[in-house]
Every structure is written in C-alpha cells, then in structure tokens.
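Visitor: Model the following, please.
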Amino acid sequence: MDVLTHAIESYVSKAANPVSEAFALQAMKLIGKHWEKIRPGYPYRKRRKRQLKP
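Guide: Residues are numbered from 1 along each chain as shown. Alright, predicted model coming up:
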C-alpha cells in the first residue's frame, strides 16, 4: 500500500511540521476506516469502481 507508506513517511519525517503531521494522521485514519474496501484480495472490479468514483 503505497499510500500508507507515504502517510507514515510524512508523519515521521525530520521535515514534518504540525500541518503535514495533521494531514498524515488524517490519511492514516481514512486508510484504516476503509481498509476492508481497498485491501489486497478485495475484488478488483469493485476496487477499480471505487477509484473512479467522483
């Protein structure tokens, strides 16, 4: 999960600041909340549809 890696990296970075940490935490919360729908093994077509939703 590249998006989770980026969120963690942003949070622990030496260059992190309160704003970047807040965005990183929010990203990690959203990933956790929606993990079942985006996890590997979830039907590909359903994941793809979710990615393309506006």
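Visitor: Tyr11 against Lys29, yeah?
Guide: No. Taking contacts as C-beta atoms under 8 Å, Tyr11 lies outside contact range of Lys29: 11.5 Å. Bear in mind the C-beta positions are built from the backbone N, C-alpha and C, glycine included.
Visitor: More neighbours: which of these two?
Guide: Taking neighbours as other C-beta atoms under 10 Å, Tyr11 and Lys29 compare with Tyr11 leading, 16 against 11.
Visitor: Point out the other helices and strands that whatever helix or strand the more buried one lives in packs with.
Guide: If you go by DSSP states H and E, Tyr11 is part of helix 2-12. Contacts defined by 3 or more C-beta pairs under 8 Å, 6 or more residues apart in numbering; DSSP states H and E place helix 2-12 against helix 18-33.
Visitor: lowest-confidence helix or strand of this protein?
Guide: Using mean pLDDT, DSSP states H and E, the weakest-scoring helix or strand in the chain turns out to be helix 44-52, at a mean of 70.
Visitor: Pull the contacting residues for the closest residue to Ala7 other than its chain neighbours.
Guide: Leaving aside its chain neighbours, Ala7 sits nearest to Ala27 (4.0 Å; criterion: C-beta to C-beta, 6 or more residues apart in numbering). When contacts are counted by C-beta atoms under 8 Å, 6 or more residues apart in numbering, Ala27 touches 3, 6-7, 10.
Visitor: Can you say which of those residues are buried?
Guide: 7, 10 (16 or more other C-beta atoms under 10 Å).
Visitor: Columns pLDDT and distance to Ser20 on top of the contacts of Ala27, output as JSON lines?
Guide: Below are these laid out as JSON lines (pLDDT from 0 to 100; distance: C-beta to C-beta, whole Å):
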{"residue": "Val3", "pLDDT": "86", "distance to Ser20": "15"}
{"residue": "His6", "pLDDT": "95", "distance to Ser20": "11"}
{"residue": "Ala7", "pLDDT": "96", "distance to Ser20": "10"}
{"residue": "Ser10", "pLDDT": "96", "distance to Ser20": "6"}
